[in-house]
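Student: sharing a model prediction with you, sequence too.
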Amino acid sequence: MWRFLHVVAIGALIASAAYVYSVKYQTIYASEQIVKTRHLIDKERDAIGVLRAEFAHLIRPDRLQALADGKLEMQPLALSQIVAADELPEPAAKVDSIGRKLESLGLLGQSATPSAGVAGATPSLR
Amino acid sequence: MSETSANAEKAVEASPASALPRVGAGEDRIGCLMRMARDLFSTRLDKSGGRIRLIALAMLAAYLGVAVKLVALGLSHDPPQTLRVAAEQAASGARPDLLDRNGEILATDIETMSVFAEPRRIIDKDEAVELITAVLPDVDAKELRERLGSKKGFVWIKRQVTEKEQEEIFHLGLPGVGFQPECKRVYPNGPLGAHVIGFVDKDNVGIAGMEKYIDQQSLADPHVAGFSVDPATLKPVRLSLDLKATHALRDELAAGMERYRAKAAAGAIIDVDTGEIIALESLPDFDPNDPGDVKDPEKINRINVGVYEMGSTFKALSIAMALESGKVSLNSRIDARDSLRYGHFTIHDFHATHRVLTVPEVFTHSSNIGAARMALMVGVEGHQAFLKKMGQLDRLRTELPESAEPLVPKRWGELNTVTIAFGQGLNVAPIQAMMAVAALVNGGNLITPTFLPRSEAEAAALAHRVVSPQTSESMRYLMRANATHGSAGAADIPGYYVGAKTGTADKIVSGRYSQDKVLTTFMAITPADKPKYLYLVMFDQPQGLPEDGGYHTAAHNAGRVAGRLIERIEPLEGVPPASQLPSQPFPLLARLGYGYDADKAGKE
């Protein structure tokens, strides 16, 4: 009886030691991963900083102005081009300009969309 | 064995009676040790008690030793890794980013590598110098040899090397040569706003402008304190500057400087309600990435550090003072028929009218005689007190470490009051004059200018009243009249209801006022009925253009540039041009019966 208990106790001891050992190594591995990831984050952060600085350098106003002056055929904004929304003219009524032209040429009769009339367009309904 | 132990007991018992106790005790001790040693190697069970005790004792001693060592280790500090500490202390610390009011980057840190050496660990110094200078040709070999020969534990070889250089140095495999990451300050916009932003030295310590201000506020020399700042914890610092407006200002000033062949130019835009500086430029300027010769007096911040006789723009203060004193109203008439004689000085008008002028006419004709007479009505003491109240006689301190003391006459007599009334004889920093004019037009509240964002509520808490709302409205009315009918028409951009004042001050050349060397200033407010921005444009020694009839007065140079600035910057700041004039721009004056039509004020 006692011997059996001893065996159980020793077994439990070895098992717990093995468990603690594995947990310890998992922890070490995880903390190494954390350090590595932190390092990567720092590196990325530095890279972001450099990219931001480069971007700010590329979009600096005097460079953009020089580029716009050289490459674009645009004029500086004139004050007369700034208008409040309620000062915009009302949009004109929609005009069927092609239809109107056809009508004036007397061609409307031939090319007009054939209307189905009251009876309906499908022959089976007639 | 029992016999021996019994003998020993007898011996111990007998020893006190012995004639030679010491010898007996010594013999006993040896015997005891012999016995213990015998016990140690004996295998007899009944004798194991002593052995176990001995082993337990030894174990206890060993454990005690371990415990003592543990405590000692716990108490002692880690032996300092001197090199690492030295490298980190010498490395440039991180600084917060500087942003403009819209979040655009004005200054930021990027990480670079620097090469250092530990002279004591370098075996062959001459060989090391040879190899290093082969990779880094811009390092001076002689100087490097000297530095490596020093007794210091740590010396820099080259700060901020490129990746390629770093790799090459690494492949040299020199012992005692290492790399330390450092922060390098970069200013992506180059010279834009350089006078406000300032710059840092090679250790990333701010030595001018807002960079220095930040150090004074927070960093406070981290290297001396022995801790380095974690870049992630640094919050970016936002300035009141607007990058786009600053660019527009610099662009227009540079164009104007070239067009009018001026020696220097400067300009600033201030929010009159909060005192925030939206843009500030002073040309010639420098690139903070490579500040070069910063002591060059031509490259100073003329707005903050230069002091100038502001000329006719100062008349705004004289007239406001006269109106505020109650001795003069907008309807008062000032005699400007003859030149004003004072002692052997005679005050002339540049645009002489030789008649009695109304107060608006004094302003629009920029009459020296009128301004002087009004200042004399208030008197010397009143004049001094008013200028003191407006902050014109004391050094104005902003966040920028650079500031200038105004040049105030030591003995201030009536003649000084006469000349200061039209802007001669008192040299102030332009930012000071801007602060005063902003107070005159914003309703009468003097607010110290700032380079940091400030809300209107914060500004209201700082402000103190210097003139009444009615005087302030009168000044806006006068400035508007001057833009429509006076000398400041060049800046009257339709849609912005501009009010403005010109100033052309003769420069003093070898003790005399020069006729052809002038300093022109122009101050404009938009819109004059409820000002938001105050523009200042200044040219040093502009030349007259043939198409302007050779005139080099402010209206022809500073005024035009101010007009272009308003046209360009107001839309940038989100202010659209108004399609019609304000219906009642000056309600207080209208109630007093002046009529609110400033456009007619200048007409007689």
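Tutor: Looks like it came in fine.

Student: the helix or strand containing B:Thr471 vs chain A: in contact?
Tutor: Element membership for B:Thr471 (DSSP states H and E) is helix B:469-485. No. Applying Cβ under 8 Å from any Cβ of the partner chain, one finds helix B:469-485 out of contact with chain A, separated by at least 15.9 Å. For the C-beta atoms, the positions are set from N, CA and C on the backbone; glycine is no exception.

Student: so which elements touch the helix or strand just after that helix?
Tutor: Remark: after helix B:469-485, the chain's next helix or strand is strand B:499-509, criterion DSSP H and E. Here strand B:499-509 touches strand B:308-309, helix B:315-325, helix B:469-485, strand B:512-526, helix B:558-572, going by 3 or more Cβ pairs under 8 Å, 6 or more residues apart in numbering or on different chains; DSSP states H and E.

Student: using the three-state scheme, assign B:Ala461.
Tutor: Assigned with DSSP: H, G, I helix; E, B strand; the rest coil, B:Ala461 falls in the helix class.

Student: picking up where we left off before, tilt between the helix holding B:Thr471 and helix B:315-325?
Tutor: Compare the direction of helix B:469-485 with that of helix B:315-325 by axes from the mean of the first three to the mean of the last three Cα atoms, to 10 degrees and you get 140 degrees.

Student: just want the angle from helix B:469-485 to strand B:499-509.
Tutor: Angle, helix B:469-485 to strand B:499-509, by the same axes, to 10 degrees: 80 degrees.

Student: picking that back up, among the helices and strands packed on strand B:499-509, which is nearest B:Phe422?
Tutor: Checking the helices and strands packed on strand B:499-509 against B:Phe422 by Cβ to Cβ gives helix B:315-325 as the closest, at 5.6 Å.

Student: which strands or helices does that closest one pack on?
Tutor: helix B:359-364, helix B:368-378, helix B:380-389, helix B:414-421, helix B:430-441, helix B:469-485, strand B:499-509.

Student: including distance to A:Thr27, could those go into JSON lines?
Tutor: Output for the helices and strands packed on helix B:315-325, formatted as JSON lines (distance: least, Cβ to Cβ, whole Å):
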{"stretch": "helix B:359-364", "distance to A:Thr27": "81"}
{"stretch": "helix B:368-378", "distance to A:Thr27": "83"}
{"stretch": "helix B:380-389", "distance to A:Thr27": "71"}
{"stretch": "helix B:414-421", "distance to A:Thr27": "78"}
{"stretch": "helix B:430-441", "distance to A:Thr27": "61"}
{"stretch": "helix B:469-485", "distance to A:Thr27": "71"}
{"stretch": "strand B:499-509", "distance to A:Thr27": "73"}
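
Student: now these in JSON lines, with mean pLDDT and distance to B:Arg145?
Tutor: As requested, the helices and strands packed on helix B:315-325 are exported to JSON lines (pLDDT from 0 to 100; distance: least, Cβ to Cβ, whole Å):
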{"stretch": "helix B:359-364", "mean pLDDT": "88", "distance to B:Arg145": "71"}
{"stretch": "helix B:368-378", "mean pLDDT": "90", "distance to B:Arg145": "68"}
{"stretch": "helix B:380-389", "mean pLDDT": "92", "distance to B:Arg145": "61"}
{"stretch": "helix B:414-421", "mean pLDDT": "89", "distance to B:Arg145": "62"}
{"stretch": "helix B:430-441", "mean pLDDT": "94", "distance to B:Arg145": "50"}
{"stretch": "helix B:469-485", "mean pLDDT": "90", "distance to B:Arg145": "67"}
{"stretch": "strand B:499-509", "mean pLDDT": "87", "distance to B:Arg145": "53"}
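
Student: any chance of those in TSV, plus mean neighbour count and distance to B:Phe345?
Tutor: Below are the helices and strands packed on helix B:315-325 laid out as TSV (neighbours: other Cβ atoms under 10 Å in any protein chain shown; distance: least, Cβ to Cβ, whole Å):
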stretch	mean neighbour count	distance to B:Phe345
helix B:359-364	26	19
helix B:368-378	25	10
helix B:380-389	18	16
helix B:414-421	22	6
helix B:430-441	26	24
helix B:469-485	25	27
strand B:499-509	24	14
